[in-house]
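Peer 1: turn this into a structure:
(2 chains)
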Amino acid sequence: MGQRGFAVLLAGLLAAVAVAGQEPVTGDQAAPQRQTSQQSMPSDRAQTTRTFLGLGAEPDKAAAARGEPLFQQNCAFCHGPKARGATGPGLITSDEVLGDDHGEHLVAFLKKGRPQKGMPGFPAMSDAQLKDIAEFMHLQVELVANRGGYHVLNIVVGSAPRGKAYVAAHCMSCHSAETFAHLGSKFRSPEQLQKGWIWPSRSQNPALVITATVTTSDGATVTGRVTQVSDFRITLVNEAGEAHAVELGNGGKDKGTTVEMKDPLSAHQEMIMTLSNRDMHDVTAYLETLK
Amino acid sequence: MKLVIGAAIAAAMLAGAATPPTPHVFLDPETIGKAPTTSWATFNGDYTGTRYSTLTQIEPGNLNRLAQQWVFKTAVGAQRGAPTPVIKCTPLLVEGVLYITIPDHVWALDARTGTEIWHYDWVDHGGHLVGQRGVGIWKSKVFFLAPDNWLIALDANTGKELWKKNYADARKQYFSTSAPLIVKNHVIVGVGGDAMDMPGFLDSYDPVSGERQWRWWSTPRKGDPALKTWPNETASDHGGGMTWMPGTYDPELNLLYWPTGNTNPVFAGRGRPGANLWTEAIVALDADTGKLKWYFQVSPHDTHDFDNTTAPILFEAMVDGQPRKLLAQAARNGFFVTLDRVTGKYLVVKPYVPLDYYSGLSRNGEPIPIPDKDPSVGGSINIVNATNWQAPAFNPHTGLLYVNAVEGKAIYYLTDDSEQPSGYGGTGVGIGPEQRVLHAIDPLTGKAAWVHTYPNLENAPVTLGPSILTTATNLLITGDDQRNLIIYSADKGEVLWHHELGASESGGVISYELDGRQFIVFGAGDTLYAWALPQ
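Peer 2: Predicted coordinates for the structure are as follows:
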């Protein structure tokens, strides 16, 4: 992958160079312990989020699958196909549903119904059937409340020809056709592709690491891959694999030390700041065709 | 510093006592809200939210002598969903006793030595253990909110439980992290939780009996004209607007200023066309009745979890030759907002980070979102939250409001494109670099007097501190996300001092005078640190 190097001369003040991890962007109230969502399996993520949220018992998915047609036939008219309400109330936050783990209360409740509020009982159904209905309702709660189990839909919504035109107009000053060959087959999902072309992984491509040359006041220099930088210290690893830590003085006030950093992804950083949704969708649709 | 700690331990051992004697804490409710000097009596120190200390012992000329006096480690081990519990509280200090919290735990510490006086340990049945902002104090009672929505009154001197009251159902994903705010004979309690489309509320309780005095719902009920900002009552009843951060209070106007959280369903707005009042707003409520006086909605019809929970800071300023009572907020949607706090009318609504999701302001000054920037199936690229719960500060000498912000982008996907979405209904995935920036903003113009960009290659989660404290000696005390506590000059943003801690500053920074010495106390990771000039 060819790339344009951006040299940023930083004397005294160190300018913006930050590489985000894949952090959930939602608020403190929303975020479990920062999950490495890209590495972990979706089932682990759902389980971790379930624990974090303190959700109730895990629904029995096989029972819920058996209960689904029963629910659609007997309950959906009033409560909606996903138990989110229709002519009758939604059941996602129902006390009866949330007070039950695996049918131990709901089976008896469903048998009787709540005639005073117009809900019929289902005395003819077996306990096993009613338990399956209960599990279906618990699964509907799970699908709403456990965001660790959410998954994106089919994100390929753009126009491939327009995406091709965008790539030709915006990318070829740095990249060659080789960059894009079979790109669509290098990611396990369109979502990963979309993320990967906008902000390629540095960990999977050594050519993308940030490098720096640090010159201290006595004229000594060290050049290498930056492992971390703050207002007060820069750490880097040189070509020989030796780690160096250079103190930068009080907030970079030590004018004697200069730091020159190069970020091969600078052009992508600029692109992210202005990328429109349509261009993003179009390019992803185009790259998805390059299998 | 080991010497100091060692000496303290030795002194304690010589006295033959593993724990200090029972203290005699009594906080007169009339004094709550005074400028914090010999106490730090509320989450924000006083009622203004400025987090401004008038103490002058620690100043730019003696920072090189600043030294750690003691540390206290919480050390409770892993908690459910939180392998490493982090101190996210602002400590309170009353009569030489410090009160700190993490979820499920309260400690009273001797502020002279950091020695534990008592420790209260709650066994929760649900709720999220994501953070705990601290306690409230009224007379000799400490009020603590448990994750599963119990308001617990403790004896401030012994830690004994006096009474407790459950105010929300954890099974419905309500959970509590806030610090109660004490106003006169009101214990004001907010709540969190947005996984199940429940409505937010703010409660007031009697500090003696625990009886509820009033409840204000964050979304309108039947018969309220604000219902026209929702498609129907059901949507409003499930509309979110949590009150999970402490608000501020003006005793003269007897108004509480409370920030309200995100709308529900969170990312999927299809089932709730309209502005969705009073979520994502700043509301002014009568402290005695909970009645709404005015509101200003910072993010009408939010679909990005902008969760408008940063502190509304109260200050006075001359505008066009007239003294004005004002309120300013660096909102999580990236707008800086200054309002007249008597009327709620806006003076300034201006982005403080680069924004591209709004097309302008309404007649009332509310940002108008661009529908194309809503989360979508193919993804919508937009800003990350510009800040979070960590406390901003305001310095009356510089006239500047300080906030630690984040600039970055995320792709927001709609994961539920049905006509009746529920829960989050979507997700946001960070893309590219995120940059932490400290802003010093003039609230009368919304323009930055200075900014400080924190260099970093691996940003810590934006939900971890640092909070800010500013002082009468032109200090601004905060930190980066690489374990450095940093002191800047408040007027110019010059780095005056820094020190590398064991973890990044993670809770509120407070300052108080004790035995004639000024202390700076804050949590970082699982440890509470106390700093001062040597004796």
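
Peer 1: going by C-alpha atoms from here, please, whenever you check contacts or count neighbours.
Peer 2: OK.

Peer 1: mean confidence (pLDDT) on the longest strand along chain A, please.
Peer 2: Longest strand in chain A by number of residues (criterion: DSSP state E): strand A:221-229. Across strand A:221-229, the average pLDDT comes to 95.

Peer 1: now that strand - C-alpha only, CSV.
Peer 2: What follows is strand A:221-229, C-alpha atoms only, in CSV (Å, rounded to 0.1, in the frame of the first residue of the first chain):
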residue,chain,number,x,y,z
THR,A,221,18.7,12.2,17.8
VAL,A,222,16.6,9.0,18.0
THR,A,223,14.3,7.8,15.3
GLY,A,224,11.8,5.0,15.4
ARG,A,225,8.3,3.7,15.9
VAL,A,226,6.4,5.7,18.4
THR,A,227,4.8,3.6,21.1
GLN,A,228,3.4,6.4,23.2
VAL,A,229,3.5,10.2,23.6
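
Peer 1: right, and the helix or strand after that strand?
Peer 2: Following strand A:221-229 in sequence order, the next helix or strand is strand A:233-237 (DSSP states H and E).

Peer 1: chain A contacts on the stretch 251-400 of chain B?
Peer 2: Residues of the stretch 251-400 of chain B lying near chain A by Cα under 8 Å from any Cα of the partner chain: B:305-307, B:372-373, B:377-381, B:384-385, B:388-389.

Peer 1: out of those, which two sit at the greatest distance?
Peer 2: Within those, two members stand farthest from each other by Cα to Cα: B:378 and B:389, at 30.0 Å.

Peer 1: looking at the residues of the stretch 251-400 of chain B next to chain A, state which has the most neighbours.
Peer 2: When neighbours are taken as other Cα atoms under 10 Å in any protein chain shown, the top entry among these is residue B:307 (35 neighbours).

Peer 1: next one, pLDDT for that one please.
Peer 2: Here, the pLDDT recorded for residue B:307 equals 97.

Peer 1: which residues sit in contact with it?
Peer 2: Contact analysis of residue B:307 by Cα atoms under 8 Å, 6 or more residues apart in numbering or on different chains lists A:27, B:241, B:260, B:261, B:262, B:263, B:280, B:332, B:333.

Peer 1: tell me the secondary structure of residue 214, please.
Peer 2: With no chain named, the answer covers chain A. The assignment at residue A:214 comes out as strand when based on DSSP: H, G, I helix; E, B strand; the rest coil.

Peer 1: who's in contact with it?
Peer 2: Applying Cα under 8 Å, 6+ apart, the residues contacting residue A:214 are A:221, A:222, A:223, A:257, A:258, A:259, A:260.

Peer 1: so, low pLDDT: which residues of the stretch 1-150 of chain B?
Peer 2: In the predicted model, the stretch 1-150 of chain B carries pLDDT under 70 at residues B:1-19.

Peer 1: closest point of it to chain A, which residue?
Peer 2: Among all residues of the stretch 1-150 of chain B, residue B:81 sits closest to chain A, at 4.2 Å; criterion: Cα to the nearest Cα.

Peer 1: please enumerate the helices of the stretch 101-250 of chain A.
Peer 2: A:106-112, A:127-145, A:160-170, A:177-180, A:190-198 (DSSP state H, counting those that start in this stretch).

Peer 1: got the contact list for the last one?
Peer 2: Helix A:190-198 is contacted from outside by A:152, A:154-156, A:184, A:186-187, A:268, A:272, A:280, A:284, A:287-288, B:431-432, using Cα under 8 Å, 6+ apart.

Peer 1: redo that, cut-off 6 Å
Peer 2: A:187, A:284 (Cα atoms under 6 Å, 6 or more residues apart in numbering or on different chains).

Peer 1: any idea which helix or strand carries residue B:435?
Peer 2: Taking DSSP H and E as the criterion, residue B:435 maps to strand B:426-442.

Peer 1: what's that strand packed up against?
Peer 2: strand B:400-414, strand B:447-454 (3 or more Cα pairs under 6 Å, 6 or more residues apart in numbering or on different chains; DSSP states H and E).

Peer 1: let's go with 10 Å and repeat that
Peer 2: Using 3 or more Cα pairs under 10 Å, 6 or more residues apart in numbering or on different chains; DSSP states H and E, the elements in contact with strand B:426-442 are helix A:190-198, helix A:266-274, strand B:322-330, strand B:335-340, strand B:380-383, strand B:393-395, strand B:400-414, strand B:447-454.

Peer 1: quick one: the first one to strand B:426-442, angle?
Peer 2: Same thing as helix A:190-198. Per axes from the mean of the first three to the mean of the last three Cα atoms, to 10 degrees, the angle that helix A:190-198 makes with strand B:426-442 is 40 degrees.
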